[in-house]
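Chemist: sharing a model prediction with you, sequence too.
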Amino acid sequence: MTQEGAPGMKMLPRVLTGAAALLALAAPILLFAQPASAASRDGVCDSGEFCYYYNSSEQGSVSDFTSSVSDYGTTEPTCYDFKGPGNGQGTCIKNNAASVWNRSSQTVRVYYNTSYAGSYQDITAGAKGNLNATLMNENASHQFLSSGGSTCSTSGLGDPNTCAQAVSWAKSHEATTYNADYYDRCDHVVGLAYGWGASGSTTAYNHWLAVPSAYKHAGDRNVPAGGLAFFSGGAGHVMISIGGGQFVSSDIGGNGTLTVTTIATIESRWGKPYLGWTQPWFQANH
């Protein structure tokens with residue numbers, strides 16, 4: 001995956017003394033409801049908000065959020081910027097934040113890349129402190145997380161098949177011999193499972209990028225049956241969960257096959273980094 005930051009270009013003069021340990025949750029699941037108590041973005045770190053600071057140790061100008069953002073932008077006046085008074089005010093926040101304060105009730109994950117990808121750091125509810133050495137001044141997106149459970153749902157998506165029907169299709173179409181409809185067509189296969197003649201996306205990775213954040217669970221490996229698991233690396237890869245940590249995937253059992261596998265197998269055998277899972281959202285219907 002192409003890394004968007006520049007690890008060797010840390011803005012060390014802005015780093016102040018003192019560091020606070022930031023706690024991380026193990027494998028949280030994403031939730032996108034905005035905290036009801038949070039105020040609008042005004043450069044003040046209010047209760048219910050996640051806040052970036054331009055300097056370390058929660059110093060300098062503040063940029064406050066109540067929801068996930070997949071791309072901050074890099075050019076004024078359209079980028080997300082530091083709004084509060086102090087050092088850094090008016091600067092775009094992408095690759096310019098040194099510390100954070102999470103005043104929301106949810107864990108917030110800060111990513112090195114846009115679109116919720118690359119290295120990340122989890123900031124638990126109530127935690128404050130400096131971003132780690134990888135993320136300091138190299139922040140490109142963030143997501144609000146939760147430890148609650150998630151299930152597959154086609155509500156409002158217009159899919160011809162339900163999640164259960166898609167799982168049944170995947171299981172009934174497993175194949176250990178070559179089928180031209182499956183070879184190098186992973187995104188087409190998951191589209192077929194949900195009753196589409198075509199997924200509407202040119203590649204699996206483009207499909208991942210197109211899915212709205214409300215339906216996307218970046219980094220979460222607890223994929224419910226019917227959920228679509230995505231990987232980066234070239235055109236990427238996608239497969240459908242059948243529950244219990246198992247998936248039906250094209251080609252992993254040989255060219256043109258459709259067999260049961262796991263996330264770890266895709267990662268180790270093909271070297272494709274796992275991105276996360278999504279609800280069955282398809283460009284064919286959007």
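Modeler: Arrived safely, thanks for sending.
Chemist: just give the number of residues close to the residue lying closest to I93 once chain neighbours are set aside.
Modeler: Of all residues not flanking I93 in the chain, S63 sits nearest, at 4.8 Å (C-beta to C-beta, 6 or more residues apart in numbering). Bear in mind the C-beta positions are built from the backbone N, C-alpha and C, glycine included. The tally of other residues near S63 (other C-beta atoms under 10 Å) stands at 27.
Chemist: over to G191?
Modeler: Neighbour count of G191, defined by other C-beta under 10 Å: 25.
Chemist: show me what the one helix or strand it maps to packs onto, helices and strands only.
Modeler: Using DSSP states H and E, G191 falls within helix 186-193. Secondary-structure packing of helix 186-193 (3 or more C-beta pairs under 8 Å, 6 or more residues apart in numbering; DSSP states H and E): helix 163-172, helix 204-210, strand 237-243, strand 246-250.
Chemist: out of those, which is closest to C79?
Modeler: helix 204-210 (19.1 Å; C-beta to C-beta).
Chemist: run through the bridge partners of S141.
Modeler: Y111 (DSSP bridges).
Chemist: ok, now which ones touch it?
Modeler: Taking C-beta atoms under 8 Å, 6 or more residues apart in numbering as the criterion, S141 is in contact with S68, V69, S70, D71, Y72, V110, Y111, N113, T114, S115, Y116, A117.
Chemist: again, only this time at 10 Å
Modeler: Residues near S141 by C-beta atoms under 10 Å, 6 or more residues apart in numbering: 4, 68-72, 94, 109-118, 120, 213, 218.
Chemist: looking at it now. What's its pLDDT?
Modeler: pLDDT for S141: 91.
Chemist: same thing with D251?
Modeler: 98.
Chemist: good, we can wrap up now.
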